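Chemist: A predicted structure for the sequence below; I have some questions about it.
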Amino acid sequence: MVIDHQKTDFMESVLTWISENQQIIYIVILMIFVGIEVIGRVPSVLHTPLMSGANAIHGVVIIGAIIVMGKAETHNYLALILGFFAVILGTLNVVGGFVVTDRMLEMFKKKK
Amino acid sequence: MSEYILTLCYLIASVTFILGLKMLSNPLAARRGNLVAAFGMTIAIFGTIFLYEENGVKLGNYAWIFGGLLVGTVAGALSAKKVKMTAMPEMVSLFNGMGGACAALISAAEFYHIYEAHKATPEMAFADIISVGTYITIAAGAIIGTISYTGSIIAWGKLNGRVKDYSFKGQHIVNMIVLVLVILCAVWAYQSTIATIYLPFLLIGFFAFVYGALFVMPIGGADMPVVISLLNSFTGVAAACGGFLYNNKAMLTGGILVGAAGTLLTILMCKAMNRSLTNVLIGSFGGGNKNKAASGETKAQGNFKEISLADAAMVMAYANKVIIVPGYGLAVAQAQHICHELEKILNDKGVEVIYAIHPVAGRMPGHMNVLLAEADVSYEKLMEMEHANDEFKTTDVVLILGANDVVNPAAKNDPSSPIYGMPILEVEQAKTVIVNKRSMKPGYAGIENDLFFQPKTSMLFGDAKKVLQDLCAEVKNV
């Protein structure tokens, strides 16, 4: 009986979680389709720049790093250092990613 | 008020990400697309710094934040500006690893945050503090981010030759076991109390770290672009986990978008090489096939013939049509400009010159187009593989510049070859084939090329740039 009870508890918590986060779940599902649709017809020449551009876009994780950093208490050094490294790494991803992509694509422009 | 503006910032960012990605898949709009996405990213970053608030409290530690941004921007921009065109894929891999590590650190910081907040009640179970859903997103961010980090670092090392292919018998089983251990530790951590959470948490990190390395280790260097693309989509998912955690729509859309697009791109890249993703991941270029390649080597060695510069120049100058097949050798030697020079000289002599571009020639798809465009070769002269294969029949001379696997007939004829099934440039249909290589060493896939031993093929050894310079001079004198 105890196990049954736990089971229904678990099911319930999963269901509540889904209904609490339904907005996010909708976004996730729609974005999966958008992501697939948007690059569906990319010519193979652009595979690498596209990969590199997408690489820069997931650098948006920097926002999380900034939040972690900004929330850390000023005397908690472990949290500060974790956040600081996260910000550096995230920035590297964003800035490096966009610059490298731009350099690749620069070569594609038609010269007269 | 500021919170509404921030929502708007994130909305703009999300739209620019979608638009940017869309434009990136169109040759004419690609560069603008990249800038559009970068613009949205900037808005999201500064919006977060100045407008984000939690329970009415704004973010602090501005000195640390701007310090980190400054260090990251300078280091990122400098390394991205300085990297050579040939080393671009490994640079992308490195940046991808940084993003993965960032996602993992965020999860670690969240764990630590929860730990700090409940330090006073060490007997409290982790499961009672946060819901399963929240826990899974934090743990997934940590695990996927870490795997992406080590995987990308190994991929980077493989591309620049620092890490060699390494596989052992039963590696796939070991990989599976490590992955299961990661998940078991994650379950264990959830059941632990605040006082004992340290150990399982560190073990999650450790096993994920090891798994990332084991996952990429056996995959051959030639398949690295595919692997990087896959790891790229992993990092996207890890970033989306962070978005879930902070209920941040920009992170969520950006992350999932890249996760989905990256996965599709990975599959498209595999298709361009006519291989399946499983085939790549199991590593058909790795371990077992090395032996086959070695036996092929002994079989095929011997009868290749060399051609002198003067003869090569003569053959080309009197040809009607010459097709140039550029490969990685051209890229390493930075010979694209002198190659264009040769094309012009031949044109002046009334020879038609076109370039046949294999989709995966070089180290990344599109590599050759980029290089030749840099040297002012006009776009119309670059011919894609399908069209080029029709042209070879009526071609007098094919000049292969440092390309190998993409012209290897084994891909068509030899089912036991690791590259069997990959579409190739069928150069052997032309009347004469001249191959410029530095030596008889096999190409990136590590296999012998029968083309070099065929009667109509002659070898012109040397660095592509040097050989082309001499060839130009000789052709002028004909």
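Modeler: In hand now; what should we look at?

Chemist: what packs against the helix or strand bottoming out on mean pLDDT in chain A?
Modeler: The least trusted helix or strand in chain A, going by mean pLDDT, DSSP states H and E, turns out to be helix A:2-20, with a mean of 76. In terms of contacts (3 or more C-beta pairs under 8 Å, 6 or more residues apart in numbering or on different chains; DSSP states H and E), helix A:2-20 is packed against helix B:132-159. Heads up, the C-betas are built off the backbone N, CA and C, glycines and all.

Chemist: coming back round to it: and the least confident helix or strand of chain A, how far from the chain's centre?
Modeler: 29 Å (C-alpha atoms, centre = their mean, to the nearest Å).

Chemist: what does that helix rub up against?
Modeler: Residues outside helix A:2-20 that contact it (C-beta atoms under 8 Å, 6 or more residues apart in numbering or on different chains) are A:Ile25, B:Ser131, B:Val132, B:Gly133.

Chemist: In PyMOL, select just the buried ones from those.
Modeler: Buried members of those, defined by 16 or more other C-beta atoms under 10 Å in any protein chain shown, are picked up in PyMOL with:
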select buried, chain B and resi 133
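
Chemist: Could you pull out the strands in the stretch 301-450 of chain B for me?
Modeler: Here the stretch 301-450 of chain B has its strands, by DSSP state E, counting those that start in this stretch, at B:305-306, B:321-326, B:352-357, B:382-384, B:397-401, B:432-437.

Chemist: Give me the buried positions along the second one.
Modeler: Which is strand B:321-326. Those would be B:Lys321, B:Val322, B:Ile323, B:Ile324, B:Val325, B:Pro326, for strand B:321-326 by 16+ other C-beta under 10 Å.

Chemist: Tell me the one of the residues you listed nearest chain A?
Modeler: Set against chain A, the nearest of the buried residues of strand B:321-326 by C-beta to the nearest C-beta is B:Pro326 (13.8 Å).

Chemist: check contacts around the residue nearest to B:Pro225 when sequence neighbours are not counted.
Modeler: Leaving aside its chain neighbours, B:Pro225 sits nearest to B:Met364 (5.1 Å; criterion: C-beta to C-beta, 6 or more residues apart in numbering or on different chains). Contacts for B:Met364 (C-beta under 8 Å, 6+ apart) come out as A:His47, A:Thr48, B:Met88, B:Pro89, B:Pro225.

Chemist: Could you check how far B:Met364 is from A:Ile25?
Modeler: 36 Å (C-beta to C-beta, to the nearest Å).

Chemist: Determine the angle, from 0 to 180 degrees, between the host helix or strand of B:Ala473 and strand B:321-326.
Modeler: Counting by DSSP states H and E, the element that carries B:Ala473 is helix B:464-477. Helix B:464-477 runs at 160 degrees relative to strand B:321-326, counting by axes from the mean of the first three to the mean of the last three C-alpha atoms, to 10 degrees.

Chemist: what does helix B:464-477 contact?
Modeler: B:309-310, B:312-313, B:316-317, B:329-330, B:332-335, B:338-339, B:341-342, B:345-346, B:349, B:401-402, B:436, B:460-461.

Chemist: got a list of contacts for stretch A:32-42?
Modeler: A:50, B:18, B:21-22, B:24-25, B:256-262, B:264-265, B:268.

Chemist: Can you pick out the ones from those residues that are in helices?
Modeler: A:50, B:18, B:21-22, B:24, B:256-262, B:264-265, B:268 (DSSP state H).

Chemist: Which part of the stretch 151-300 of chain B gets nearest to chain A, residue-wise?
Modeler: B:Ala260 (2.9 Å).

Chemist: you'd agree that residue is up against A:Met31?
Modeler: Yes - shown here, B:Ala260 and A:Met31 form a contact pair, counting by C-beta atoms under 8 Å, at 6.6 Å.

Chemist: Enumerate every residue touching the spatially most central residue of chain A.
Modeler: Centroid-nearest residue in chain A, with C-alpha atoms, centre = their mean: A:His58, separated by 4.5 Å. By C-beta under 8 Å, 6+ apart, the residues touching A:His58 are A:Asn93, B:Asn96, B:Gly99, B:Asn232, B:Thr235, B:Gly236, B:Ala239, B:Gly254, B:Gly255, B:Val258, B:Gly259.

Chemist: my read: the second one touches B:Ser148, true?
Modeler: Looking back up the chat, that one is B:Asn96. Yes - contact criterion C-beta under 8 Å: B:Asn96 and B:Ser148 qualify, at 6.8 Å.

Chemist: Would you mind naming what in the stretch 101-250 of chain B lies close to chain A?
Modeler: B:101-103, B:105-106, B:108-110, B:112-113, B:116, B:131-133, B:225, B:228-229, B:232-233, B:235-236, B:238-240, B:242-250 (C-beta under 8 Å from any C-beta of the partner chain).

Chemist: can you do 6 Å?
Modeler: B:101-103, B:105-106, B:109, B:131, B:133, B:229, B:232, B:235-236, B:239, B:242, B:246, B:250 (C-beta under 6 Å from any C-beta of the partner chain).
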